[in-house]
Every structure is written in C-alpha cells, then in structure tokens.
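In: With the sequence up front, the predicted model follows.
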Amino acid sequence: MDTFSCIAARKSVRDFSDKPLGDAEIEKLIEAALYAPVGMKAYDSLHLTCVTDEKALAAIRGMARKKTGDENADPLHGAPALIVVSVKEPTHVAFANSACMIENMLLEAAELGLGSLYVCGIVNALREDAEFLALLRIPAGFTPVGAAAAGYAKEGAPAPAPCRNKVTKVDYIR
C-alpha cells in the first residue's frame, strides 16, 4: 500500500472483535512506533507498555468505569491490544513525540488490515492513578500520555466513512 492510501485507509474503530492479535502483528506495531521521529533523538524519554492480557484490559475498563461513573464505559471499545506511550516529562515536545509514535502504530495497523483507535482521554484521566500505573508497570519517573488500541474490527460493525477534513482552513503564502 502506498503512503497516501494507507493514510486514507486508517479509520478509528470503535467495535473490535475479541480475536487476539498475533505476536507478529504486535511486533510490527511496536516496530512502527520505534521508527517515529523523536525530538533531539531523546529515545530514552519514552517508554512503551503493550497490554494484551485480557484480565489487565478488563481492569483498565473497570478503572475507566470507576473514574467516569459510567458503568458501561469502555474507552478501548473491546480492543484486544493496547499500547501505552509514557514520557519522562510531560512537555509539549514529549506529547508530540508520543503522538508521532501513536500515529505510526495506527498507520501500521491500517497496513496490516487491522482496526485501531487513538486512546488519549482515559489515559490522561488515569495517569496519576497508582493502580493504573502499577498495572501497566510504568517505570518510576514516567507518565502515560496516550495509547493506540488495535485489533480486528467486529464483523458486521459499521465501517467508518472516509473522513477527509473539509473544515480546517488552509492559507497558501506563495
């Protein structure tokens, strides 16, 4: 798949099947993250945590329900894999670096024919929660700031329509 086709093919999936991802698929997603551009080559300022354990994913869903007060909350939408990006210092540059890693994973998921979802809200809501940090084994001094959920879209789930941005204004200075 060429780059632009991959970008256009990437969609946010919010209805994943329970089919687990294989180790090769997980490793391709991780590899894609590791190719992300990182400001000043500060690779040691980032940490990835890959969660595929069903009990751990269920615990994250439980924490989300408790935090939001919504007994049906599932910010992972049933995804069988969550790859969390943590940073040493939550600065603008660190957030940008983590976003590059996450976007690389989302694009690789599209290349592999997987569904994916950028997960940010609940990660940020729980980033100081001791139970969440312990579950993810976040190293001391690191803060989780975002994640990529990945898996197979549930069969029969509505396919997201292409969503080219037609709202953002563009000015050309030539």
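Out: Looks like it arrived, so ask away.

In: all contacts plus neighbour counts: C-alpha atoms, from now on.
Out: Noted.

In: Could you pull up phi and psi at the closest residue to A94 other than its chain neighbours?
Out: Once flanking residues are discounted, A94 sits nearest to V87: 6.2 Å by CA to CA, 6 or more residues apart in numbering. Main-chain torsions, V87, degrees, to the nearest 10: phi -130, psi 150.

In: What residues of stretch 64-74 count as buried?
Out: Burial within stretch 64-74, assessed by neighbour count using 16 or more other CA atoms under 10 Å, is assigned to 64-65, 73-74.

In: The nearest residue to K28 once chain neighbours are set aside and T168: what is the separation?
Out: Nearest residue to K28, sequence neighbours excluded (CA to CA, 6+ apart): E108, at 7.3 Å. Taking CA to CA, to the nearest Å as the measure, E108 falls 25 Å from T168.

In: Of these two, which one has the most company?
Out: E108 (24 against 6; other CA atoms under 10 Å).

In: Only the buried residues of stretch 140-155, if you could.
Out: 142-154.

In: and those residues, which of them are in helices?
Out: Secondary structure assignment by DSSP state H places none of those in helices.

In: that older thread, isn't the residue nearest to A94 right next to G146, touching?
Out: No. If you go by CA atoms under 8 Å, V87 and G146 don't touch, sitting 9.6 Å apart.

In: shared neighbours, the two?
Out: Common neighbours of V87 and G146, using CA atoms under 8 Å, 6 or more residues apart in numbering, are S98.

In: Phi first, then psi, for S116.
Out: Per degrees, to the nearest 10, the backbone of S116 is at phi -150, psi 170.
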